[in-house]
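Asker: Got a predicted model here, sequence first, then my questions.
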Amino acid sequence: MIIDYAKIAMKNIRKKKLRSWLTIVGIIISISVVFLLISLSLGLRGAISEQFKILGTDKLFILPKGQAGGPGSGGVVELTTWDVEVVEKVLGVKDISYATVGNAKLESNNKIRFFYVIGLPLDKMGLYTKSTNMKMDEGRELKEGDRGVAMIGSDYKYGNLFGKPIQVGESILVNDRRFKVVGIIEPIGNPSDDKNVLIPIDDFKELFNSGERVDQIIVQVENEKETGDISARIEKKLLKARNLDEKTKDFTIITPEELLASFDIILNIVTAFLVGVAAISLLVGGVGIANTMYTSVLERTREIGTMKAVGAKNSAILQIFLIESGFIGFIGGTLGILTGFGISKLIEFIAINYLHTTLLKAASPFYLIFGCLAFSFLIGIISGTFPAFQASKLKPVEALRYE
């Protein structure tokens, strides 16, 4: 019986093709937007999680508080190399490195750009390399004894930042001082990171007059199961060395898990907001279905009367109209998922090949596809409920008299 009702419903949809398709388009747009936003959000979360897995759980990062202008902006609070020495002596610390960051004028091929330059202690390059998952695309890493040389991000080779690619062996001006490029880093996926320039810390101090300032301390612990305890010991030692207490603490110690949790909170808020915006368009689509079904009831009043006159029950009329509205939602949902999937893959392609970032990936898990499909079908059913109920309550005599 349900199959017969479904056939009648599909026949009615085909009979009013233009109106049905205009209604379906509204659902397509709504579902494709919802699918696109959630797909990219899940992809971004997955890409970030993957980066943190590579980073490992045996690392700690110590940052100064109060850097309103970001790394290298010279905030009120500063960490120093003396803090690095204090942390290095803490029980359970296996290795330590640090980085100092400055915004510099970069010049090549008679073009000027402004990007971050990072000063690194060359005897601790190994830990920095591991903590950033840095791999070489060309050339070599910085090594002890280097002066006047630099490693550059992949965008200098592939991103056409200066009108032509910069190759290993060429030079780049950093704050009007010439540095020879000895290595090019593989694309990291973050546009900001792929524009970084890495130089020896001694050269950095001369360029920026940074003294003993440190913007980030990277700590590797001996036993990752004791990360929490080692973090507490580091905090206690730093508080004492900096003559601070819990209320006046001016630094932050964070783990990869805490960073990931922070990202998750931000992503959840952004995703909820965007899905809320998309839900408004879905509501509009639902109103379109209700309007289409209501108009269909008016146009088929005599037909409904005839069906009732030959014995059709109210429940049969109700089911026919509900199946019809559900089909409209289902068709719109299916095409919306395909549209959203196609657009998300296009964005992923553009991000990888033109923006040189791997963070914008499209994720299409089964539950997302099934959820969008079920949601669109449900919206169709809900939107058609009142018109279907109205149709089922029509009296045969009045329906047959309807002009």
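Answerer: Received the coordinates, thanks.

Asker: Before we go further, residue 202 is sitting in a strand, right?
Answerer: No. Assigned with DSSP: H, G, I helix; E, B strand; the rest coil, residue 202 falls outside any strand and is helix.

Asker: In contact with the most centrally placed residue in the chain, which residues?
Answerer: Against the mean C-alpha coordinate of the chain, by CA atoms, centre = their mean, the closest residue is residue 44 at 3.2 Å. Residue 44 is in contact with 267, 359, 360, 361, counting by CB atoms under 8 Å, 6 or more residues apart in numbering. From N, CA and C alone the C-beta is placed, and that goes for glycine too.

Asker: cool, and residue 131?
Answerer: 55, 59, 97, 218, 220.

Asker: Please verify my assumption that the last one contacts residue 61.
Answerer: Read that as residue 220. No. Using CB atoms under 8 Å, residue 220 makes no contact with residue 61, being 10.8 Å away.

Asker: do you know how far residue 288 is from residue 23?
Answerer: To residue 23, residue 288 is 5 Å away according to CB to CB, to the nearest Å.

Asker: neighbour-wise, which of the two wins?
Answerer: Between residue 288 and residue 23, counted using other CB atoms under 10 Å, residue 23 has the larger neighbour count: 29 against 21.

Asker: returning to that earlier point: please identify which helix or strand holds the residue nearest to the centre of the chain.
Answerer: If you go by DSSP states H and E, residue 44 is part of helix 17-55.

Asker: how about that helix: buried residues?
Answerer: 19-20, 23-24, 26-45, 47-48, 51-52, 55 (16 or more other CB atoms under 10 Å).

Asker: Next one, pLDDT for residue 146 please.
Answerer: The model reports residue 146 with a pLDDT of 95.

Asker: got it, and the one 3 residues further on?
Answerer: On the pLDDT scale, residue 149 is placed at 97.

Asker: Just confirm it contacts residue 197, I think it does.
Answerer: No. Assessed by CB under 8 Å, residue 149 is found out of contact with residue 197, at 10.9 Å.

Asker: list residues touching both of the two?
Answerer: residue 179.

Asker: Which one's more surrounded, the two?
Answerer: residue 197 (22 against 19).

Asker: Nearest spatial neighbour of that one, chain-adjacent residues omitted?
Answerer: Nearest residue to residue 197, sequence neighbours excluded (CB to CB, 6 or more residues apart in numbering): residue 117, at 4.7 Å.

Asker: Could you list every helix and strand in contact with whichever strand or helix holds the one you found?
Answerer: Following DSSP H and E, one finds residue 117 within strand 111-120. Under the contact criterion of 3 or more CB pairs under 8 Å, 6 or more residues apart in numbering; DSSP states H and E, strand 111-120 touches strand 93-108, strand 197-200, helix 201-208.

Asker: Next, report how far the last one is displaced from the centre of its chain.
Answerer: Average the C-alpha atoms of helix 201-208, do the same for its chain, and the two points are 35 Å apart (CA atoms, centre = their mean, to the nearest Å).

Asker: What's the mean pLDDT across the strand holding residue 117?
Answerer: 94.

Asker: Now do the helices in the protein.
Answerer: 2-15, 17-55, 81-88, 125-131, 155-158, 201-208, 227-241, 256-299, 301-309, 314-353, 366-392, 396-401 (DSSP state H).

Asker: Looking at those helices, which is nearest to residue 179?
Answerer: Residue 179 sits nearest to helix 201-208 of all the helices of the chain, at 7.5 Å, using CB to CB.

Asker: Identify the residues contacting the closest one?
Answerer: 72, 100, 102, 104, 117-122, 147-148, 174-175, 177, 179, 199, 210-211.
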